[in-house]
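Participant: here are the coordinates; sequence isn't available:
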Ligand code: 3PG
């Protein structure tokens, strides 16, 4: 059977080699298409039984073009790029690879925070993280890694996650809060790790930003869809102390950069999971999961019903 790896943003070469080893050892065949067009995807999926992607958009058009497709593995955490209902209708199992790239994302959070607190290294006097408070919005795999690293910086920690019992957070030295308002009011920094869902869409905007203490910094390594860009802009215009860092450029990135200068920073392309280690971990896990599903229906991380 054929497993297709189709990624706009390529994995590190060592990760591709490791994926190849897993697929070859299973007796399946591998095709890798990096940086291909939509037309390339529609052509390559025609003969695919398994598909491995990253943030690549997989909708019913792709599934219609893939009559033999049985499993899609998102090599990563968020699967908002995959139409789950369409997959279910097509009888396709969708899985993610939870946790495999979470350290990479968490490390980037601090790379960007330090850069912002040193005014993007423009020579002006900045500030330190020690003794400051960090609010972690969603205490999943990335949120927990963020907490672990923040402790090394000597930060005070709070987290909000309705799915995680208070005792679990407390066990990791994190104070639980129970509303977004509390999280934004209590913390110098808020780091977002919520998924993009109909409930979270545009949920972070003017009201929450205006609650932040003086000098508040919002860090977004989650999804741009969770931000209400107009509300954020309004708050930043009214409060010249507020800052915003994101690993996912806002739709209106140029306007933000023009208006706010060193108070904003956006990576040119989503970089959170773009490390050799994360590529290797997520890529190999995805390959193993695709192989196991095709072999005997193994579906531990299935995300569609
Ligand atoms: C994820 O959801 O796993 C991260 O956002 C990484 O996405 P990427 O694989 O497109 O870099």
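Facilitator: Received the coordinates, thanks. Owing to the predicted nature of the structure, the values given are computational and were not obtained by experimental measurement. Numbers count the residues shown, from 1 in each chain.

Participant: What parts of the stretch 201-305 of the chain come near the ligand?
Facilitator: Those residues of the stretch 201-305 of the chain that sit near the ligand, judged by C-beta under 6 Å from any ligand atom, are 270, 272-274. For glycine as for every other residue, the C-beta is placed from the backbone atoms N, C-alpha and C.

Participant: now do 8 Å
Facilitator: 221-223, 247, 270-274, 278, 282 (C-beta under 8 Å from any ligand atom).

Participant: how does the chain divide up, domain by domain?
Facilitator: 2-100+275-296, 102-266 (automatic domain parsing).

Participant: Output these as TSV; include the columns mean pLDDT.
Facilitator: Below are those laid out as TSV (pLDDT from 0 to 100):
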stretch	mean pLDDT
domain 2-100+275-296	98
domain 102-266	98
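
Participant: With distance to residue 305 added, can I get those in a markdown table?
Facilitator: Below are these laid out as a markdown table (distance: least, C-beta to C-beta, whole Å):
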| stretch | distance to residue 305 |
| --- | --- |
| domain 2-100+275-296 | 6 |
| domain 102-266 | 15 |
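
Participant: Same list, those domains, but as CSV with mean neighbour count please.
Facilitator: As requested, the domains of the chain are exported to CSV (neighbours: other C-beta atoms under 10 Å):
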stretch, mean neighbour count
domain 2-100+275-296, 19
domain 102-266, 18
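
Participant: Smallest distance to the ligand belongs to which residue of the chain?
Facilitator: In the chain, the residue that lies nearest the ligand is residue 76 (2.6 Å; C-beta to the nearest ligand atom).

Participant: Specify the local secondary structure of that residue.
Facilitator: Following DSSP: H, G, I helix; E, B strand; the rest coil, the label given to residue 76 is coil.

Participant: Among the residues of the stretch 201-305 of the chain next to the ligand, which lie within helices?
Facilitator: When those are checked against helices (DSSP state H), the matches are 278, 282.

Participant: in this structure, which spans are helices?
Facilitator: So, for the chain - with DSSP H - the helices run 13-25, 38-44, 60-64, 84-89, 102-117, 141-152, 166-171, 180-186, 206-211, 229-238, 253-260, 276-296.

Participant: Quickly list what the residue lying closest to residue 116 once chain neighbours are set aside is bridged to.
Facilitator: Once flanking residues are discounted, residue 116 sits nearest to residue 245: 5.2 Å by C-beta to C-beta, 6 or more residues apart in numbering. Residue 245 has these beta-bridge partners by DSSP bridges: residue 219, residue 265.

Participant: Now do the contacts for residue 245.
Facilitator: Contacts for residue 245 (C-beta atoms under 8 Å, 6 or more residues apart in numbering) come out as 112-113, 115-116, 217-220, 264-266.

Participant: what about residue 136, distance to residue 151?
Facilitator: For residue 136, the distance to residue 151 (C-beta to C-beta, to the nearest Å) stands at 12 Å.

Participant: so what sits against both of these two?
Facilitator: Common neighbours of residue 136 and residue 151 (C-beta under 8 Å, 6+ apart) are residue 157.

Participant: Tell me which residue is most central in this structure.
Facilitator: residue 222 (4.5 Å; C-alpha atoms, centre = their mean).

Participant: My understanding was that that one contacts residue 194; is that so?
Facilitator: Yes. Here residue 222 reaches residue 194: they are 5.6 Å apart, a contact under C-beta atoms under 8 Å.

Participant: who touches both of these two?
Facilitator: Going by C-beta under 8 Å, 6+ apart, residues that sit against residue 222 and also against residue 194 are residue 138.

Participant: before we move on, the earlier item: residues in contact with the residue of the chain closest to the ligand?
Facilitator: 54-55, 96-97, 100-101, 273, 282.
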